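[1] The sequence and its predicted three-dimensional model are supplied below.
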Amino acid sequence: MWEALDDFYWTYQSLIHGIGVNGILALSVYVVLAVGQLSLGQAAFMGVGAYTGALLSVKFGAPFALSMAAAAAVPALLALVVGGPTLRLTGVYLAIATIGLGEITRIVFLNWDYAGGALGLSGIPERGGVGAIYGTLAVLLAGLTLVARSRVGRAMEAMREDEAAAGVMGVNLPRYRLTALVASSAMAGVAGCLSAHVSSFIGPNEYGFEAAVTILSYALLGGIGSPLAPVLGATILTLLPEVLRPLADFRLMVNGLIIVLAVLFMPRGILPWRIARTG
């Protein structure tokens with residue numbers, strides 16, 4: 001039995017790692033959507049975290065725990081710096097601004113010779129693995145579920161449903177927006193660091209506009225009624241290409257069709273229910 005499980009893991013380890021990492025990314029986009037903000041900067045923050053953690057490991061031989069901490073702190077600091085001016089924008093304008101941030105970071109990575117430039121950074125030591133990925137996912141999922149059930153969760157829901165009314169009720173809108181962006185960026189950075197240390201290679205084009213849209217699609221498919229919903233969306237969208245592999249060249253088309261149908265007929269996601277709140 002154990003031998004069969006071991007064979008299964010080594011056959012599908014990339015897929016297993018991908019589900020966990022994408023689950024963390026889904027939670028990162030959930031946090032900003034939960035306060036009514038449309039951000040497409042998660043891929044950029046993931047890239048910053050990935051390069052930060054990878055460079056510390058490759059160039060300085062830093063312990064994995066330190067690389068993880070830095071991978072969360074540096075994107076969070078970047079979000080804190082850019083959050084002030086960008087969070088004055090809302091809706092599609094904020095989305096456009098964060099797309100610009102993503103392209104800027106991608107171009108920086110592309111031309112940063114110390115980090116491998118266009119060729120990417122290889123030789124990243126394999127650390128963390130399944131335990132670190134799914135342990136992090138479980139902690140974040142439990143923490144965000146507790147937040148969603150608290151007064152903070154009610155304030156976030158009020159902002160999402162009607163920001164003006166939430167402000168009148170006394171919710172500190174700028175503080176909640178900035179806190180959500182900083183927390184989201186830290187989660188994305190951790191996901192990037194974990195991904196880098198299980199793949200042993202990162203490249204600048206992994207963190208562009210396409211990745212940002214993919215991360216957003218996790219929440220669109222799963223919904224944002226609870227933290228579990230976007231994680232479920234990420235799991236489905238990560239598994240779909242593998243499940244549809246027998247369709248060969250048509251699998252991406254079918255994958256896209258499934259997403260479109262889900263958005264059209266389940267606009268609140270496949271898990272639209274909100275969790276009970278206390279406090």
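    Received the coordinates, thanks. Numbers count the residues shown, from 1 in each chain.

[2] quick check: mean pLDDT across the helix or strand encompassing Leu94?
    Using DSSP states H and E, Leu94 falls within helix 91-111. For helix 91-111, mean pLDDT is 88.

[3] So for that helix, what gets flagged as buried?
    Of the residues in helix 91-111, those buried by neighbour count under the rule 16 or more other CB atoms under 10 Å are 94-95, 97-99, 101-102, 105-106, 109-110. Backbone N, C-alpha and C define where each C-beta goes, glycine included.

[4] mind listing what Gly20 touches?
    For Gly20, the residues meeting the contact criterion (CB atoms under 8 Å, 6 or more residues apart in numbering) are 130, 133-134, 136-137, 194.

[5] Least confident of those?
    Per-residue confidence over those reaches its minimum at Val130, where pLDDT is 91.

[6] Looking at the contacts of Gly20, spot the one nearest Ser57.
    Each of these was scored against Ser57 by CB to CB, and Leu194 proved nearest at 12.0 Å.

[7] what number of residues lie near that closest one?
    Per other CB atoms under 10 Å, the neighbour tally for Leu194 reads 29.

[8] and what of Leu178?
    Residues contacting Leu178 under the criterion other CB under 10 Å number 18.

[9] before we move on, what about the one 3 residues further on?
    Taking other CB under 10 Å as the criterion, the count of residues near Leu181 is 26.

[10] doesn't Leu38 make contact with it?
    No: Leu181 is not in contact with Leu38 according to CB atoms under 8 Å; the separation is 11.8 Å.

[11] shared neighbours of these two, anything?
    Residues within reach of Leu181 and of Leu38 at once, by CB under 8 Å, 6+ apart, are Val32.

[12] Just the buried positions in the helix ranked longest in the chain, please.
    Taking DSSP state H as the criterion, the chain has its longest helix at helix 2-33. Within helix 2-33, the residues that qualify as buried are 16-33, counting by 16+ other CB under 10 Å.
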